Every structure is written in structure tokens, then in C-alpha cells.
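J.: Sharing a model that was predicted from the sequence below.
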Amino acid sequence: DTGVSQNPRHKITKRGQNVTFRCDPISEHNRLYWYRQTLGQGPEFLTYFQNEAQLEKSRLLSDRFSAERPKGSFSTLEIQRTEQGDSAMYLCASSLGLTGTGLDEQYFGPGTRLTVT
Amino acid sequence: AQKITQTQPGMFVQEKEAVTLDCTYDTSDQSYGLFWYKQPSSGEMIFLIYQGSYDEQNATEGRYSLNFQKARKSANLVISASQLGDSAMYFCAMREGPRYSGGGADGLTFGKGTHLIIQP
């Protein structure tokens, strides 16, 4: 399978615990994005990487959230001291990072569903 | 103000009929891109079609076409000859900003989606 993969697919945790999610993008893709999707809503942009550099962070990304892409390949998203409001689907997407053209299609992974009890 | 507005929370359509899903957007940028994604119950977002703000012709991809009316800031998705497998959530999204013209580095802004159900 050469698509975007995410692990785990489901995570249940107690409030206050830390959780970490992993995203493996399509291998030749330079850009990697994280989104959060709550029930009944569209995905909301959190942050993105160009290779290993984190270039943009949404104001939705509080201090409890941190994302890394250490070697420009896979990425991790960590949430510290989880709160019930963090319960959501966390989606990862990747793209080639084409310049000079309008379409830089983002390919999404299946998501990690987080439930904070 | 909402950047992307999808006014139809849910739609029921008979199989084989055409369906139009509405999307209006709000931006002050001249350069932007509009996207439609499909999200079946499995949860994965599937790219359907794209329209650049400078594209003069409406985009088409197989049974999907985008009715782009720039002056009205409207980018409706038209699905011709609907099939049972088209039942899913559909999201309209936008990428905007001057950086966009250089390749689009920013994240997408999504609408709240339309739940489309195709009935046999």
C-alpha cells in the first residue's frame, strides 16, 4: 500500500494522559499536513511541514500539542495532558509540494480517532 | 464570517439523477484554489476535483464537474448519473493567499459538509 498511513487507528485515553500519533506520508511527498475533524464538522487545519521544517501552525494548535517530522519522512503529533475537548479524528495528509502550479493535491490518510474519557 | 459555506446539511437523491452540491466561499485574495473532497463512512478523504481562481473553464473529472461562478463566489459540485456508491459526506475546501500562486503551502479551509444519500 503506497498511500498515507496513520497509527494507531483508534486511541482511547483518560483525561490528563499524553498521546502520540504517527503519520507515514507517501514516500516522495515533501509536504505533510495535520488536521483535526470533530463530529459533524469539516477538517480543521492544525499544522504543516515542508520536509522537516514546520512552516505553519494554526491557532488551534495549543501549547499542549506538538508535532515533529524529524527526518522529513514520518511525522508524530503529540497531545499532552489530554482534555475531553481533544476527542476528534486526527487526519494526516501529504502532497508533492509542487510550485508554480495551483494544484498541489493533498492525499489523506485514514485518520486516528481519539476518545478522551 | 465563514470562509466556506455549504448550506445543505443533507440531501436525498434518486439513483441515476444528477445532483448539485452548493458551496460559496469568502476571500479577498485574487489567487486561490477550490477543492471538493468525498468522505465515505470509512473516514478517508478522497480528492474529487479542483478549480483554480484563474481557470477560465469549469473543471471536470469524469462524472464530477465544478460550476465555478467567480463573481458570485460560488463553486458548486455537480455529480452526473449518481450511483449508490456516491453516498457519502462531501466537503468543499479552499486554499487562499498570495503564497498560493507559488504552489499552495497553506492548509485547506473546509466547509461543514453535505451528507449525500443516494436512494435506489
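T.: Good, I have the coordinates.

J.: Help me confirm that A:Tyr33 comes into contact with A:Gln106.
T.: Yes - under the criterion of C-beta atoms under 8 Å, A:Tyr33 lies in contact with A:Gln106, with a separation of 6.2 Å. Where you see a C-beta, it was placed from the backbone N, CA and C, and this is true even at glycine.

J.: where exactly do the strands run in chain A?
T.: With DSSP state E applied, chain A shows strands at A:5-7, A:10-13, A:19-24, A:31-37, A:44-50, A:53-57, A:65-68, A:75-79, A:88-95, A:107-108, A:112-116, listed in chain order.

J.: which element is B:Phe68 on?
T.: Taking DSSP states H and E as the definition, B:Phe68 sits inside strand B:64-69.

J.: Which neighbouring elements make contact with that strand?
T.: In this structure, strand B:64-69 packs against strand B:32-39, strand B:46-52, strand B:74-79, with contacts taken as 3 or more C-beta pairs under 8 Å, 6 or more residues apart in numbering or on different chains; DSSP states H and E.

J.: So what's the residue count around A:Thr47?
T.: Summarising burial for A:Thr47: neighbours were counted as other C-beta atoms under 10 Å in any protein chain shown, giving 22.

J.: residues contacting it?
T.: Residues touching A:Thr47, when contacts are defined by C-beta atoms under 8 Å, 6 or more residues apart in numbering or on different chains, comprise A:33-34, A:54, A:56-58, A:61, A:67, B:107.

J.: Comparing the helices and strands packed on strand B:64-69, which stretch has the densest surroundings?
T.: The highest mean neighbour count among the helices and strands packed on strand B:64-69, using mean count of other C-beta atoms under 10 Å in any protein chain shown, belongs to strand B:32-39: a mean of 24.

J.: Paired strands for it, with orientation please.
T.: The pairing partners recorded for strand B:32-39 under DSSP bridges are strand B:46-52 (antiparallel), strand B:88-96 (antiparallel).

J.: Helix or strand next in line after the longest one, which one?
T.: The reference is to strand B:88-96. Sequence-wise, the next helix or strand downstream of strand B:88-96 (DSSP H and E) is strand B:109-110.

J.: could the strands of chain A be laid out in JSON lines, adding mean pLDDT?
T.: Putting the strands of chain A into JSON lines (pLDDT from 0 to 100) gives the following:
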{"stretch": "strand A:5-7", "mean pLDDT": "97"}
{"stretch": "strand A:10-13", "mean pLDDT": "98"}
{"stretch": "strand A:19-24", "mean pLDDT": "98"}
{"stretch": "strand A:31-37", "mean pLDDT": "95"}
{"stretch": "strand A:44-50", "mean pLDDT": "92"}
{"stretch": "strand A:53-57", "mean pLDDT": "85"}
{"stretch": "strand A:65-68", "mean pLDDT": "95"}
{"stretch": "strand A:75-79", "mean pLDDT": "97"}
{"stretch": "strand A:88-95", "mean pLDDT": "95"}
{"stretch": "strand A:107-108", "mean pLDDT": "92"}
{"stretch": "strand A:112-116", "mean pLDDT": "97"}
